[in-house]
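Q: Got a predicted structure here, sequence first:
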Protein chains: 2
Amino acid sequence: MRLRYLGERRVVSHIRRAFGDRRRGVLVGIGDDAALVRTPGRLLLSTDLLVEDVDFRRDAHPPRLLGRKALNVNLSDIAAMGGRPLHAVAGLALPADIEESWLKAFLAGFRAAAREAGVALVGGDLSQAERIVVAVTVTGEARFPVLRSGARPGDAVFVSGTLGDAAGGLRLVEEGGHRGVVKAVRPLIEAFLDPAPRLGLGALVARRKLASAMIDLSDGLSVDLSHICEESGVGAEIEAERVPVSAALAHMARDPLSMAINGGEDFELLFTVRPRHVAAVERLAARHRLSRIGRITAGRRRVLIGPGKRRSDLRAKGFEHFTG
Amino acid sequence: MRLRYLGERRVVSHIRRAFGDRRRGVLVGIGDDAALVRTPGRLLLSTDLLVEDVDFRRDAHPPRLLGRKALNVNLSDIAAMGGRPLHAVAGLALPADIEESWLKAFLAGFRAAAREAGVALVGGDLSQAERIVVAVTVTGEARFPVLRSGARPGDAVFVSGTLGDAAGGLRLVEEGGHRGVVKAVRPLIEAFLDPAPRLGLGALVARRKLASAMIDLSDGLSVDLSHICEESGVGAEIEAERVPVSAALAHMARDPLSMAINGGEDFELLFTVRPRHVAAVERLAARHRLSRIGRITAGRRRVLIGPGKRRSDLRAKGFEHFTG
């Protein structure tokens, strides 16, 4: 049945059924003018918009995975502050021709991601639109918040995971090749359609005060490193050969390093570490798939060192490029 | 200059300039992965979506007033809980052909409404869309929250202001007659384009524990009263002749009472009052423009009494209609 015939009341009833739990200090949940929740004395707030045909494509993004991603991109912001997520509210604008099955799958995905992270959906709003819009706001607790502004010259630069996988997945999806691609590149499509927020890692380095500055890689290493540099008033040197690239991306792309440096939506964490804490972070490297990729410098320049080819071989926005 | 040439960086810089203050316990504001704010132990959360061509029309809604309304419809939800608003985050999806002047006016309106209510904008997200989407989430404090579920048989039903004005204004705007309409009906257009959240009234009746249940009139008296009745498990009798109608609406419309009962977006407050508190509320009536319009009953029926005409003369969804 399509939403046009379903009515807002039935949609809200789907949502209440899916999310009508009372956890995480939810005093008043879905169904009143506003939710009422217990909160710590200091609260993180983050909001994200996903717009159809800009941030995702309906035909390429299974609704269950879109529901997961709509929450998880927000949780990635909480992870980047070193926080623990608590509550979410969601605004949903839906076209009249959306199938009820689409909505159910979307809500199931959102709920699964919420359960995994221990987040309670406490409220929302519905409207119509020609293209789907999902607007999610999350709250979180951060006893030791890590800002973008804390990097100092001499700090080491670490990233989690491998970079560029989501960009590779996006390219595969755009080429329409994601149904029936070879097994070797399937992780790229997963990275794009179903990214995982690094909540455990973010909270760990915050609690142990190992990170001086942190950001999640939503716009790509080159852009997000520039945010750290601008907010901290510093520069950075990145060694291209240390930027972690997955076997899947190397298999798929002719320019894996460019994709790792410029591609967005990996939702891995980038953080800086004072020299005295580097050894402690190195000890976490294997378990949390961390790579030390460079260092923070005085001045404002962002320099990419290597990989010994001409600059034109490596499009890297925002970097001055030095051959190694 | 149009947004296409303006770039996200410049838009964010507009926003940071407009909202870069540090009030209301804002520890980390716009510019990090998430905002960090001081909060009371119990927090209200509410979110609203405004979608172009569904919730507003760009050519009919001056951007300054749209900016005000985008925040104020959220603040109305906080008012309906008896709360005091604290913080806001906003997601904004904009078409590429939006003028910079439109954005500046929108932000100026949003900021003005935020200042009037003492709200700090602490974060947001930008995306693109063919139609404008504004997604606002607000937080608030409520020491004595008033829910929808507290009404009991015998309670009196009060509303603030006059009802149906926004519906009248919408009709005028849709007829294109809002430029150069007679002075007598201008308040209707204002009520529609620039509604005021009843924060003072909501907080007052909450603090003095005068309201047993409360809701803001966003969908119209008939629908919003049904929410109170359903959440409280009660019925209601409304006396049609007591429903407050403005001189402007009576001047403009042939069916002012239908508009007052069914029209949405007035953002006035509807609340129920125990018999022992009715006298105290009556003493507030003149200053806060309150009208006592009926009473809560046992059972589930919602009955509209009067005004002595045939039922067909008064379309009133959700009511059984008794002539008086």
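A: Nice, thanks for sending it over.

Q: Need the residue closest to the centroid of chain A.
A: residue A:267 (3.2 Å; CA atoms, centre = their mean).

Q: The one helix or strand residue A:287 maps to packs against which elements?
A: Using DSSP states H and E, residue A:287 sits within helix A:278-288. Counting contacts by 3 or more CB pairs under 8 Å, 6 or more residues apart in numbering or on different chains; DSSP states H and E, helix A:278-288 packs against strand A:156-160, helix A:199-207, strand A:290-297. Heads up, the C-betas are built off the backbone N, CA and C, glycines and all.

Q: will you turn these into CSV that also has distance to residue A:317 and mean pLDDT?
A: CSV is the format used below for those (distance: least, CB to CB, whole Å; pLDDT from 0 to 100):
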stretch, distance to residue A:317, mean pLDDT
strand A:156-160, 17, 98
helix A:199-207, 26, 98
strand A:290-297, 17, 98
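
Q: To chain B, which of these lies closest?
A: Nearest to chain B, of all the helices and strands packed on helix A:278-288, is helix A:199-207, at 9.5 Å by CB to the nearest CB.

Q: Residue A:303 belongs to a helix, doesn't it?
A: No - counting by DSSP: H, G, I helix; E, B strand; the rest coil, residue A:303 is not part of a helix but strand.

Q: Quick check: bridge partners of it?
A: residue A:237, residue A:320 (DSSP bridges).

Q: Look at it and report its pLDDT.
A: As predicted, residue A:303 sits at a pLDDT of 91.

Q: What of residue A:15?
A: Per the predicted model, pLDDT is 75 at residue A:15.

Q: now residue A:180
A: Reported pLDDT for residue A:180: 65.

Q: try the one 3 residues further on
A: Predicted confidence (pLDDT) at residue A:183: the value is 83.

Q: any weak-confidence spans in chain A?
A: Scanning chain A for pLDDT under 70 picks out A:1-9, A:20-24, A:177-180, A:307-316, A:323-324.

Q: which ones are touching the residue in it that chain B sits nearest to?
A: Here the residue of chain A nearest chain B is residue A:135; by CB to the nearest CB that distance is 3.3 Å. Counting by CB atoms under 8 Å, 6 or more residues apart in numbering or on different chains, residue A:135 makes contact with A:47, A:48, A:49, A:50, A:90, A:91, A:92, B:47, B:49, B:91, B:133, B:135.

Q: picking up where we left off before, secondary structure element for the residue nearest to the centre of chain A, which one?
A: Per DSSP H and E, there is no helix or strand for residue A:267.

Q: That one against residue A:218, yeah?
A: Yes - using CB atoms under 8 Å, residue A:267 is in contact with residue A:218, at 6.3 Å.

Q: list the residues that contact both of those two?
A: In contact with both residue A:267 and residue A:218: A:73, A:76, using CB under 8 Å, 6+ apart.

Q: Need the three-state assignment for residue A:123.
A: strand.

Q: surely it meets residue B:48?
A: No - using CB under 8 Å, residue A:123 makes no contact with residue B:48, being 10.1 Å away.

Q: Look at these two and report which has more neighbours.
A: residue A:123 (29 against 26; other CB atoms under 10 Å in any protein chain shown).

Q: is the more buried one in a bridge, and if so with what?
A: Applying DSSP bridges, one finds that residue A:123 bridges with residue A:89.

Q: Let's see the distance spanning stretch A:246-266 from one end to the other.
A: Between the opening and closing residues of stretch A:246-266 lies a distance of 12 Å (CA to CA, to the nearest Å).

Q: Quick one: residues in contact with it.
A: So stretch A:246-266 is in contact with A:161-168, A:170-172, A:184-188, A:191-192, A:195, A:217-223, A:238, A:240, A:243-245, A:304, A:307, A:314-317, A:319, going by CB under 8 Å, 6+ apart.

Q: does residue A:62 really touch residue A:105, like I thought?
A: Yes - using CB under 8 Å, residue A:62 makes contact with residue A:105 at a distance of 7.2 Å.
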